[in-house]
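Undergrad: Next come a sequence and a model predicted from it.
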Amino acid sequence: MTETVLAALLAAGASRRLGQPKQLLRIGEQTLLAHNAAQLHEATGEAPLVVLGYRSNDMLAALGDVDFMVAHNADWASGMASSIAVAARAVPASVSGLLIAVCDMPRIGVAHYRTLIDRHRAAPNAVVAAGYPHGPGVPAVFPTGWRERLLQLSGDQGARTLLTDNATEIAVDLGEAALDIDTPDDLRGLTRTIEH
């Protein structure tokens, strides 16, 4: 049996450090939100679950014609953990893992996601995560059996705590794709990369 994965794109936050919604930034012809949703759709072959909260109507419009499912996080202001919980609750019993992705890492693409999914299929009971110099992080695939642990996260606590505290199979070194956009300086760096 082929192990199946639900991809969840966490996009509920207000991007306070950046000063504007990072989801609505443009990468070529698409918003950053639509770009990431499209990459996940292509990688999994299924519509990703997009978790929305802040300015959800604008975010829905920004997704354009990308195929997706949506879940609303009414508690988005409390931090990322609430969005992870929304995604974890949405995982059907027929799915073997939950791929958690964020929408502020525009250089992560289909190949990166497929590597994570392939490693999950080879070891469906292990957590499969991206590797960074400071330790494991998202994107990461959590086995369905980790649902309760994901639900126990709180505040602005992301999945990294679980990844650090537990044995994790590091699936892929993202290298330069590991750039995320949190501040205006990050955005300027991304813009320079795209222009050159």
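TA: Looks like it arrived, so ask away. From a predicted model like this one, the values you see are computed outputs, not experimental measurements.

Undergrad: Past the lengthiest strand in the chain, which element shows up next along the chain?
TA: Secondary structure assigned by DSSP state E gives strand 135-143 as the longest strand of the chain. As assigned by DSSP states H and E, the chain's next helix or strand after strand 135-143 is helix 147-151.

Undergrad: where do the strands sit along the chain?
TA: 5-11, 26-27, 30-31, 49-52, 69-72, 97-102, 128-132, 135-143, 169-173.

Undergrad: closest one to Thr115 among those?
TA: strand 169-173 (4.6 Å; C-beta to C-beta). C-beta: built from backbone N, CA, C; applies to glycine.

Undergrad: Format the strands of the chain as TSV; extra columns: mean neighbour count.
TA: Below are the strands of the chain laid out as TSV (neighbours: other C-beta atoms under 10 Å):
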stretch	mean neighbour count
strand 5-11	27
strand 26-27	14
strand 30-31	21
strand 49-52	26
strand 69-72	15
strand 97-102	25
strand 128-132	22
strand 135-143	23
strand 169-173	18
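
Undergrad: May I see those arranged in JSON lines, with distance to His41 and mean pLDDT as well?
TA: What follows is the strands of the chain, written out as JSON lines (distance: least, C-beta to C-beta, whole Å; pLDDT from 0 to 100):
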{"stretch": "strand 5-11", "distance to His41": "8", "mean pLDDT": "97"}
{"stretch": "strand 26-27", "distance to His41": "16", "mean pLDDT": "80"}
{"stretch": "strand 30-31", "distance to His41": "12", "mean pLDDT": "90"}
{"stretch": "strand 49-52", "distance to His41": "10", "mean pLDDT": "98"}
{"stretch": "strand 69-72", "distance to His41": "10", "mean pLDDT": "97"}
{"stretch": "strand 97-102", "distance to His41": "11", "mean pLDDT": "96"}
{"stretch": "strand 128-132", "distance to His41": "19", "mean pLDDT": "87"}
{"stretch": "strand 135-143", "distance to His41": "14", "mean pLDDT": "90"}
{"stretch": "strand 169-173", "distance to His41": "19", "mean pLDDT": "68"}
